[in-house]
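Colleague: what's the 3D shape of this:
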Amino acid sequence: MLEWLLEVNEGVNDLVWGWPFLILIVGTGVVLTFMIRFVSFTKFVYVMKQTFLKIFAKEQVGEGEVTAFQAVSTALAATVGTGNIAGVGTAIAIGGPGAVFWMWIAALFGMATKYGEVVLAIQYREKTPDGRFVGGPMYYLDKGANQKWLAVLFAAFGAAATFGIGNMVQSNSVADSLQTTFNIEPWITGVVLAVLVALVIVGGIKKIGKVTEIIVPFMAAIYILGGVIIILANIQLVPSAFGIIFRDAFTGSAAVGGFVGSTLTLSIRYGVARGVFTNEAGLGSAPIAHAAATTDHPVRQGLWGIFEVFADTLVLCTITALVIVMTGAVDTGLDGAALTTSAFDEGILFGGYIVTFGLVFFAFSTLLGWSYYGERCMEFLFGPKSIIFYRLLFIPLIVVGAVGGLRAIWALADTLNGLMALPNLIGLLILSPVIVSQTRQFFGKGGIYEKETKKTE
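Modeller: Residues are numbered from 1 along each chain as shown. Below you'll find the predicted structure:
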């Protein structure tokens, strides 16, 4: 029975993550990029001023539960994870170094997709009787697109996906890494993780936001520092590393050493698929966290969506990719996190420990972010009282994931992730005029951008 289910899931997975879906998800980004007149590129300096340079700003204008940065930290907590370490390693191992180029392409257009998702999340969010702000694809599909059935589908797939990709596969990654590096028993890791996660998520989005705004910058800084040290120590190899990536992006890779070689088709498919997996642009998950942000305009929070994709894929994933290519680890025949660990070990003393601790912090933060996504999906489907039952199931499964073999769970979670995206992408295309309208209101003549620009002149 289990084998039959796995075969069925494999068929669905191939369909969900096949060429039609990849074209749809990248194509949606291309369409939105043109419709908002390339704002993610032409206003990039303004985006950085309003996001990166205001990370620690305490003054917030508008309504919301958490600061804009706490909201994006929660979203990044769920997004920045094993995909940045294992996902890049898998993309290169199967698709060759050229897969990195297609990962960049997916991210460049994905910035407009994530921007549009966040704009709609703020535009159609609701305030509950107890003062909480809730929103995301299920709300803009229901209230904006008037497609209740799509909203229910998204929430159902989203709630189910949280138990896999946002829970058991994360605790399993941490347990496996700590057992390999420090010989810590998996069940111990599982129990500790479950207790820590429980202590945070009972406080809701405010507690999650306060924790993730500390964890996300810390873990990213440590990982980036290690990667940058390796890159600077081998600075003379940077031009050739980029050359390999660009060349293989259009030719595929020949077999060298332990590397089995890849075709152009594999390079594009795995580059785009892993790119989407790392930054989640189009999946519809991050807008759920952004909906709770304190902001005065949907577009202002949407700018954080652009920053999110930039930081996740164009910075973190690029550093991982360069280290793998520059150190020659790409020819070892390794895959996933093992490939990235090997590259860091080769590039710097104790480099493997940086990857191990990165995995621990990345996975822990992912557990926090996805637990919140699951709660909001359950609340949309069954009401606020269902949250306690969701937590009573979510927390024990962290231990189950730590001690169990989860190839089947990972495969199912990957499928559910893709199924989440389908109704969300349909909603984005239906509501694209709303995204355009809000963008023109903010950046158009006499808009907020023009007024703020004049003040600084």
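Colleague: stretch 202-211: which residues count as buried?
Modeller: Burial within stretch 202-211, assessed by neighbour count using 16 or more other C-beta atoms under 10 Å, is assigned to Gly204, Ile205, Ile208, Gly209, Lys210, Val211. Quick note: C-beta positions are derived from backbone N, CA and C, even for glycine.
Colleague: where in this protein is pLDDT low?
Modeller: 1-3, 5-6, 56-66, 68, 72-83, 252-262, 405-411, 455-457 (pLDDT under 70).
Colleague: just the buried residues of stretch 202-211: which are in helices?
Modeller: Gly204, Ile205, Ile208, Gly209, Lys210, Val211 (DSSP state H).
Colleague: would CSV of the buried residues of stretch 202-211 with distance to Phe380 be doable?
Modeller: CSV is the format used below for the buried residues of stretch 202-211 (distance: C-beta to C-beta, whole Å):
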residue, distance to Phe380
Gly204, 16
Ile205, 15
Ile208, 18
Gly209, 20
Lys210, 24
Val211, 24
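Colleague: return the closest of those with respect to Leu193.
Modeller: Nearest to Leu193 among the buried residues of stretch 202-211, counting by C-beta to C-beta, is Val211 at 13.7 Å.
Colleague: am I right that that closest one is in contact with Val200?
Modeller: Yes - counting by C-beta atoms under 8 Å, Val211 does reach Val200; the two are 5.3 Å apart.
Colleague: got any residues that touch both of those two?
Modeller: Counting by C-beta atoms under 8 Å, 6 or more residues apart in numbering, the common neighbours of Val211 and Val200 are Leu368.
Colleague: now the helices for the stretch 151-300 of the chain?
Modeller: 169-182, 186-201, 204-233, 238-251, 264-279, 286-290, 298-309 (DSSP state H, counting those that start in this stretch).
Colleague: and of those helices, who's closest to Thr340?
Modeller: Closest among the helices of the stretch 151-300 of the chain, using C-beta to C-beta: helix 204-233, at 9.9 Å.
Colleague: list the contacts for Ile36?
Modeller: Contacts of Ile36 by C-beta under 8 Å, 6+ apart are Ala112, Tyr115, Gly116, Ile435, Val436, Thr439.
Colleague: could I get those residues in CSV, plus columns for neighbour count?
Modeller: Below are the contacts of Ile36 laid out as CSV (neighbours: other C-beta atoms under 10 Å):
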residue, neighbour count
Ala112, 30
Tyr115, 31
Gly116, 32
Ile435, 24
Val436, 16
Thr439, 25
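Colleague: from those, which is closest to Ala413?
Modeller: Gly116 (24.9 Å).
Colleague: returning to what we had before: just tell me which of the helices of the stretch 151-300 of the chain ends up closest to Tyr140.
Modeller: helix 286-290 (8.0 Å).
Colleague: pull the CA atoms of the closest one into PDB?
Modeller: Provided in PDB are the C-alpha atoms of helix 286-290 (Å, rounded to 0.1, in the frame of the first residue of the first chain):
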ATOM      1  CA  ALA A 286       5.300  34.300   3.100                       C
ATOM      2  CA  PRO A 287       2.300  36.600   2.700                       C
ATOM      3  CA  ILE A 288       0.600  34.900   5.700                       C
ATOM      4  CA  ALA A 289       3.400  36.400   7.900                       C
ATOM      5  CA  HIS A 290       3.500  39.700   6.100                       C
END
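Colleague: picking up where we left off before, which of the buried residues of stretch 202-211 sits closest to Pro384?
Modeller: After measuring these against Pro384 - C-beta to C-beta - the closest member comes out as Gly204, at 11.3 Å.
Colleague: how about the nearest residue to that closest one, chain neighbours excluded?
Modeller: Distances taken as C-beta to C-beta, 6 or more residues apart in numbering place Arg132 nearest to Gly204, at 7.6 Å, with adjacent residues excluded.
Colleague: tally of neighbours for that neighbour?
Modeller: 17 (other C-beta atoms under 10 Å).
Colleague: what's the answer for Gln301, then?
Modeller: Neighbours around Gln301, by other C-beta under 10 Å: 28.
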